[in-house]
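[1] pasted the sequence and its predicted model underneath.
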Amino acid sequence: MREYDDIVVFLGSWGPFQMAIFFLLSASIIPNGFNGLAVVFLADTPDHRCLIPENANLSEEWRNVSIPVEETGNGIVHFSKCRRYKLTALQNLSAWALRPGVDVNVTQLEQEQCLDGWEYSTEQYISTIVTQWDLVCEHKWKTPLTSSIYFFGVLTGSVISGQLSDRFGRKIVLFGTMAVQTGFSLIQIFSPTWEIFCLLFFLVGLGQISNYVAAFVLGSEILGDSVRIKYSTLGVCLFYAFGYIALPAFAYFIRDWKMLLLAIALPGLLYVPLWWFVPESPRWLLSQGRVQEAETIIRKAAKQNGITPPNVIFEQEELEDIKDKTEQTHNILDLVKTRNIRCITIMSLLVWMIITIGYFGLSLNTPNLHGDAYLNCFLSAVVEVPAYIASWLLLQYCPRRFSLSGILFLAGVVLLVIQLLPPDLNILSICMVMIGKFGVTAAFSMVYVYSSELYPTVVRNMGVGVCSMASRLGSIISPYFVFLGQYDEYLPYILMGSLTVLSGILTIFLPESFGIPLPDTIDQMQMVKGVKYKPSNTGKQKHKGRQEDEDEDEMVLKKTAF
């Protein structure tokens, strides 16, 4: 019985039709790049201190000393961001014509909170959501929560997007969720409160990941085997990086958060014409019994490629076989059914979560690096391009286990070394951060392919989906790693570096999958390294061909063992 890929092999692997699908779907990912990390500038906190009202009856001398001076742990002196000297006391001393530092020891005066609000530096931003709703001091916890709410929307979208696309189709979900992302981004501009902004941000996150997943699945189902890895790395990932690179350019020229949000939302409207150029997935149409529509799309593709299709594309037996393979015969408990798959699942969940914490932690932390925030964000985005290219080369030519583990060790060690650098070597510390970002970005790209190769066909989508959900949990907590930098600038790097090294260690114990046929059943999975197990007897009574496969698997295990 022929597989779907064998049925449509006459189309070729890289003709005008495949090129159009590759680039159009990859281009649809670009808005995800600057929408996904726009919070870096939308929710950045400018320098601020307590507001002293203009109508306060204070002399110039007393106004200049109205804010206490504080010293940080590394000896840097700055004005307090959240306290001021009690205004009534200052007004009385000013009225008595006493001089600060001469007649009065200012440091002994009573202090109070910023009762009249704050004044913010406009050197870098005209406004952000922080200045809009005063998300500082006792309300500073709302800033990382804003990012976490967005990522919680991403988590929700990753859960429901697969079900929606399975029910309604890849194309409808792709364009529907692009409309959700663009529409709610525009509505956010008119948010009257922080709470409403966060609610809309949740919906933007939901649309962002859903359209990303729909484009990824649609392209993977239309394109042939030889193009899929290129599409998932050089296509989807690179175009996401291009969008990310555009973000600091938008933010540099647009310093008001509302206008910035408008600028990054409007490009979504440019993708409306793609509806007439991107077809539905023929695989999905066949699974729904819509054979005529699928055949029409394939014949149009053949015409576009200059190929004459056969008179009969799908035989009835093949249609029934394709439909049978779409039926769900396993559940999520199968991911912990045996000791081996249970170990693989647990380690994969941890590795995915840690990689995501590192990726988003480093991305969101760019405004806190030394130097220009826009340049640092640009460098953080640009470094993703060689990272994705490197990940593609490693996937093509190198063993998965040691490649992924090595690049995670590189990223983790580099992040841990940052705390040992002299404080005056700012450029070197930024370079180290970018090397760490290179490592976790490459690992982020590689882990998708690696995990899909570890799980057998019967639970592959489910296994990768659960790992993806774990990564979303990592993105939800990543803003709080950045938040810890307010207490110690090196603490985020120590935590992220330590966890990244841990993920590198865990990866060593995963099975190797490079050059090994994908497993179809749980019993055919490669074994976790260093874990004793009882071999399964379920395959002993199979035909001779299966026995030969088992002998080959045994030889492979000997080659990949420690």
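    On my side now, so go ahead.

[2] can you classify residue 244 by secondary structure?
    Three-state assignment for residue 244 (DSSP: H, G, I helix; E, B strand; the rest coil): helix.

[3] what is the neighbour count of it?
    For residue 244, the count of nearby residues is 26 (other CB atoms under 10 Å). In short, each C-beta sits where N, CA and C put it, glycine included.

[4] quick check: it vs residue 76, distance?
    Using CB to CB, to the nearest Å, residue 244 is found at 31 Å from residue 76.

[5] what does residue 152 give?
    For residue 152, the distance to residue 76 under the criterion CB to CB works out to 35 Å.

[6] compare those two (neighbour count), which wins?
    residue 152 (20 against 9).

[7] nearest residue to that one in space, please, no chain neighbours.
    Closest residue to residue 152 in three dimensions, ignoring its sequence neighbours and counting by CB to CB, 6 or more residues apart in numbering: residue 476, at 5.6 Å.

[8] buried residues in the helix or strand harbouring the one you found?
    Here residue 476 is covered by helix 460-483, with elements defined by DSSP states H and E. Neighbour-count burial for helix 460-483 flags 460-468, 470-483 (criterion: 16 or more other CB atoms under 10 Å).

[9] stretch 70-86 too?
    Using 16+ other CB under 10 Å as the test for burial, stretch 70-86 gives 80-85.

[10] and if you look at stretch 155-170?
    For stretch 155-170, a neighbour-count test (16+ other CB under 10 Å) marks 155-159, 161-162, 164-166, 169-170 as buried.

[11] same question for stretch 486-505.
    For stretch 486-505, burial by neighbour count (16+ other CB under 10 Å) applies to 489-490, 492-493, 495-497, 499-501, 503-504.

[12] ok, now which ones touch residue 306?
    15-16 (CB atoms under 8 Å, 6 or more residues apart in numbering).

[13] kindly provide the distance from it to residue 156.
    As defined by CB to CB, residue 306 lies at a distance of 44 Å from residue 156.

[14] go on, residue 258?
    From residue 258 across to residue 156, the span is 26 Å (CB to CB).

[15] for the stretch 101-250 of the chain, which spans come out with low pLDDT?
    By pLDDT under 70, the low-scoring segments of the stretch 101-250 of the chain are 225.

[16] again, 80 this time
    101-102, 158-167, 210-211, 213, 216-217, 220-221, 224-229, 232-233 (pLDDT under 80).

[17] what segments of it are strands?
    Taking DSSP state E, counting those that start in this stretch, the strands of the stretch 101-250 of the chain run over residues 111-113, 118-120.

[18] what is the burial count for residue 13?
    For residue 13, the neighbour count with other CB under 10 Å is 12.

[19] just residue 311 next, same as before
    5.

[20] quick one: secondary structure of it?
    Counting by three-state DSSP, the backbone at residue 311 sits in coil.

[21] count of neighbours near residue 51?
    15.

[22] repeat that for residue 443.
    Neighbours around residue 443, by other CB under 10 Å: 32.

[23] would you say it is within a helix?
    Yes. Assignment of residue 443 by three-state DSSP places it within a helix.

[24] which strand or helix spans residue 49?
    Element membership for residue 49 (DSSP H and E) is strand 48-50.

[25] what average pLDDT does the helix or strand just after that strand get?
    As assigned by DSSP H and E, the chain's next helix or strand after strand 48-50 is helix 60-64. Mean per-residue pLDDT for helix 60-64: 86.

[26] in its sheet, what does the helix or strand just after helix 60-64 sit against?
    Sequence-wise, the next helix or strand downstream of helix 60-64 (DSSP H and E) is strand 69-71. Within its sheet, and counting by DSSP bridges, strand 69-71 is paired with strand 77-79 (antiparallel).

[27] off-centre distance for the partner strand?
    Centroid displacement of strand 77-79 relative to its chain, using CA atoms, centre = their mean, to the nearest Å, is 36 Å.

[28] which residues touch it?
    Applying CB under 8 Å, 6+ apart, the set of residues contacting strand 77-79 is 49, 67-72.

[29] which one of these is nearest residue 123?
    Closest to residue 123 out of the contacts of strand 77-79 is residue 49 (13.5 Å), distances taken as CB to CB.

[30] which strands and helices sit next to the helix holding residue 476?
    helix 142-168, helix 339-364, helix 426-454, helix 491-508 (3 or more CB pairs under 8 Å, 6 or more residues apart in numbering; DSSP states H and E).

[31] what is the shortest one packed up against?
    To tie it back to what came earlier, the one meant is helix 491-508. Applying 3+ CB pairs under 8 Å, 6+ apart, one finds that helix 491-508 makes contact with helix 339-364, helix 400-417, helix 426-454, helix 460-483.

[32] kindly reformat these as a markdown table and extend each row with mean pLDDT and distance to residue 40.
    Output for these, formatted as a markdown table (pLDDT from 0 to 100; distance: least, CB to CB, whole Å):
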| stretch | mean pLDDT | distance to residue 40 |
| --- | --- | --- |
| helix 339-364 | 88 | 6 |
| helix 400-417 | 91 | 19 |
| helix 426-454 | 87 | 13 |
| helix 460-483 | 82 | 10 |
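
[33] quick one on the thing from earlier: what are the pairing partners of the strand holding residue 49, and which direction each?
    Counting by DSSP bridges, the strands paired with strand 48-50 are strand 118-120 (antiparallel).

[34] so how far is the strand it pairs with from its chain's centroid?
    Strand 118-120 sits 32 Å away from the centroid of its parent chain (CA atoms, centre = their mean).

[35] how about that strand, which residues are buried there?
    Under 16+ other CB under 10 Å, the buried positions of strand 118-120 are 118, 120.

[36] which residues touch that strand?
    46-51, 81, 130-131, 134, 136-137.

[37] how about residue 365, phi and psi?
    With angles defined as degrees, to the nearest 10, residue 365 sits at phi -90, psi 0.
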